[in-house]
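[1] any chance you could fold what I've pasted below:
(one chain, ligands or ions: 1)
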Amino acid sequence: MIRNIIETNLPKLANKKGAVELGDRSAYIGASDIGQCPRKAIMSKLFPQPISLEQQIVFERGHLAEDIVHESLLEHCRESKRKSVDAQYEATLPGQPNIKAHIDFVLNDFVEQKRTVIEVKTASMVTTPYDSWINQCIFQQGLLMLENPEIQVDGYVLVIDLKTGALAEFKVDYDEVIFSELVAKAEWLLAQLQNPQEIDYDGLPLYQSILCGYCGVKDTCPAYADKGKLPDDLKDLIIRYAEINKEIKSLDKEIAPLKETIKAYGPFRATVDGIKASYTVSEMMSLDIPSLKQNEPDLYEMYSVLKKTDRLNIG
Ligand code: SF4
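    Next up, the predicted model:
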């Protein structure tokens with residue numbers, strides 16, 4: 001019953017909130033569109049895909065993280081008295097109302113005459129921010145600079161892992177050349193959006209990255225269909241994973257004989273130099289699946305369920 005209530009109302013609330021904060025996203029090019037794959041940006045605006053309840057809940061994590069940051073920024077501003085914070089601040093490219101950014105937060109320092117862009121991301125912890133995040137933040141800074149040429153502008157990507165509570169900030173240095181490229185990209189995207197009948201859908205430029213996994217139009221994407229061709233950022237992670245895994249395997253080799261020697265002492269429970277240590281031996285019943293399958297095939301069949309499993313093999 002509660003699930004039904006959420007299923008019905010969460011998308012309604014999300015649409016209402018999105019319409020208030022972001023307007024009709026299919027009518028303009030935003031900073032997040034510019035930072036990402038052009039094919040995804042265009043296809044997802046022209047052919048929006050239905051969003052499952054699970055995806056909607058995942059999207060809501062972003063709002064939760066923003067609420068956490070907003071409360072802290074508000075308190076900081078109350079205490080400092082020389083600062084203010086704008087949430088979902090809209091900055092527009094001069095002369096082009098359909099190219100804009102909704103900046104998560106802009107922290108204004110009236111004494112230092114400085115505005116700080118804060119872009120909040122919810123994700124598993126990363127050691128370096130994704131290119132799309134950096135580009136988004138540079139674009140936001142660029143728009144603010146055009147709005148206030150006399151004021152200093154800087155920017156940060158703030159990553160919050162809601163599962164672990166880990167938090168990391170990455171300062172993003174403004175780059176004039178990248179900003180100009182992003183403006184050109186935005187103008188090209190907007191031209192496509194405004195002339196959909198002229199789009200060569202098979203020839204749309206692609207930008208493959210690890211974020212393809214979250215792309216709503218990946219099922220029709222030729223790059224994603226090629227399972228042997230991986231984006232560079234995913235390759236980097238695979239290489240890192242293999243390196244760490246190699247270290248773990250070598251540590252495993254070292255620890256295995258120690259484990260056997262310690263266990264040979266027999267059961268114990270003690271604290272050694274502050275380290276809690278115990279070895280217990282117990283018995284438990286377990287099901288002999290091969291015998292059950294052979295001797296009671298109907299019963300085996302009756303209680304067998306299809307489970308999705310995955311396996312990652314690297315190295
Ligand atoms: S799967 Fe990746 S490359 Fe393909 S459209 Fe989506 S984001 Fe772009």
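
[2] strands of this protein, start to end?
    Secondary structure of the chain, counting by DSSP state E: strands at 29-30, 83-93, 96-109, 114-122, 152-160, 167-172, 268-272, 275-279.

[3] surely Asp33 meets Ala41?
    Yes - with contact defined as Cβ atoms under 8 Å, Asp33 and Ala41 form a contacting pair (4.1 Å). Every residue, glycine included, has its C-beta placed from N, CA and C.

[4] are there residues contacting both of the two? Which ones?
    Leu189 (Cβ atoms under 8 Å, 6 or more residues apart in numbering).

[5] what's the most buried one of the strands of the chain?
    Highest mean neighbour count among the strands of the chain (mean count of other Cβ atoms under 10 Å): strand 29-30, with a mean of 24.

[6] report the distance from that one to the chain centre.
    Put simply, strand 29-30 sits 19 Å off its chain's centre (Cα atoms, centre = their mean, to the nearest Å).

[7] cool, and stretch 46-61?
    Worked out by Cα atoms, centre = their mean, stretch 46-61 lies 14 Å from the chain centre.

[8] next one: stretch 125-140
    Once both centres are worked out by Cα atoms, centre = their mean, stretch 125-140 turns out to sit 11 Å from its chain's centre.

[9] now it: buried residues?
    Buried positions in stretch 125-140, judged by neighbour count with 16 or more other Cβ atoms under 10 Å: 126, 129-140.

[10] now stretch 106-117: mean pLDDT?
    In this model, stretch 106-117 has an average pLDDT of 95.

[11] hang on, I meant stretch 27-41
    Averaged over stretch 27-41, pLDDT sits at 90.

[12] so who does the residue nearest to Asn245 when sequence neighbours are not counted touch?
    The shortest distance from Asn245 to any non-neighbouring residue, by Cβ to Cβ, 6 or more residues apart in numbering, is to Gly315 (5.2 Å). By Cβ under 8 Å, 6+ apart, the residues touching Gly315 are 241-242, 245-246.

[13] contact residues of this structure facing the ligand?
    With Cβ under 6 Å from any ligand atom as the criterion, the chain meets the ligand at residues 37, 39-40, 206-208, 212, 215, 217-218, 221, 223-224.

[14] so which of those is the most crowded?
    Counting neighbours by other Cβ atoms under 10 Å, the top entry in those is Cys37, with 25 neighbours.

[15] going through the contacts of Gly315, which ones are buried?
    By neighbour count, with 16+ other Cβ under 10 Å, the contacts of Gly315 hold no buried member.

[16] among the residues you listed, which lie within helices?
    Counting by DSSP state H, the members of those that fall within helices are 241-242, 245-246.

[17] pretty sure Pro205 contacts Pro38?
    Yes - using Cβ under 8 Å, Pro205 makes contact with Pro38 at a distance of 4.6 Å.

[18] among the buried residues of stretch 125-140, which one sits closest to the ligand?
    For these, the minimum distance to the ligand (Cβ to the nearest ligand atom) is 9.5 Å, reached by Ser132.

[19] residue contacts, Lys121?
    With contact taken as Cβ under 8 Å, 6+ apart, Lys121 is in contact with 62, 65, 129, 133, 157-160.

[20] pick the one among those closest to Asp200.
    Sorting the contacts of Lys121 by how near they are to Asp200, with Cβ to Cβ, puts Trp133 at the top with 28.8 Å.

[21] without its sequence neighbours, what residue ends up closest to the closest one?
    Trp133's closest residue in space is Val157 (Cβ to Cβ, 6+ apart), at 4.8 Å.
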